[in-house]
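# Next come a sequence and a model predicted from it.
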Amino acid sequence: PTCLVAWELENRGTTCHAQLMGDLNEFSVPVRLFLKAYPWRKIDPIPWARRKRPLSECRLALVSTAAFVLPGQKPFDEPIRGGDFGFREIPCDADIHRLIESHRSESFDHAGIHQDPNLAFPIDRARELAGRGRIGSVNRRHLSFMGTITAPGRLVKQSAPAAARLLVEDAVDVALLVPV
């Protein structure tokens, strides 16, 4: 299909309608050709863990693929063949407006993330949820990855396990994955 399909959701008698999200024809020819030819991976079974307690008692960490870094942190390395598979730690008290978005993809408009970094790293929303008691707490650190990883082998074998160890070390109950 050449476009992302609009959908409709029935939820407790309320109908929500989504707008048409996009069309492959909106991309440049090189991006369209890449997206059509890329060998998308299917992970089966999908790794999943059930929550052991209510969200109001859970510690939440953000894991974003917006390639955010803080001033002074090593930027993501664009020339790495297959994409920079590392990640950066973002402390929970980081000022969202100091984050530097270094995502290398040309397949989306970066203007929204620059205007409101919470779109790709919703730390302010997480803090609000913790303040209202909807979640137990916000973790002391969060993780930022580069989203354009065309060769994910090193990510899967090296970075993901290292990131998981940090979250386990911090006793994180829920990781909110924010793909970009």
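Perfect, thanks for sending it.
# all contacts plus neighbour counts: C-alpha atoms, from now on.
Fine.
# Can you pull the phi/psi pair for Ala130?
Geometry field for Ala130 lists phi and psi as phi -70, psi -40, criterion degrees, to the nearest 10.
# list the contacts for it?
Taking Cα atoms under 8 Å, 6 or more residues apart in numbering, we find Ala130 in contact with 136-138.
# do you know how far Leu167 is from Gly131?
To Gly131, Leu167 is 21 Å away according to Cα to Cα, to the nearest Å.
# Which one of these two is surrounded by more residues?
Leu167 (21 against 13; other Cα atoms under 10 Å).
# pLDDT value on that one, please?
The model reports Leu167 with a pLDDT of 97.
# Please renumber the chain so that the first residue is 18 from this point on.
All right, first residue 18 from here; so that's Leu184.
# Just confirm it is within a strand.
No. Applying DSSP: H, G, I helix; E, B strand; the rest coil, one finds Leu184 to be helix, outside a strand.
# if I pick it, what's in contact with it?
Ala78.
# if we go to 10 Å?
Residues near Leu184 by Cα atoms under 10 Å, 6 or more residues apart in numbering: 77-78, 156-160, 178, 190-192.
# repeat for Cys75
Here Cys75 is in contact with 68-69, 147, 151-156, 188-192 (Cα under 10 Å, 6+ apart).
# A strand includes Leu77, no?
Yes. With three-state DSSP as the criterion, Leu77 is part of a strand.
# What about it, how many residues nearby?
Leu77 has 25 nearby residues by other Cα under 10 Å.
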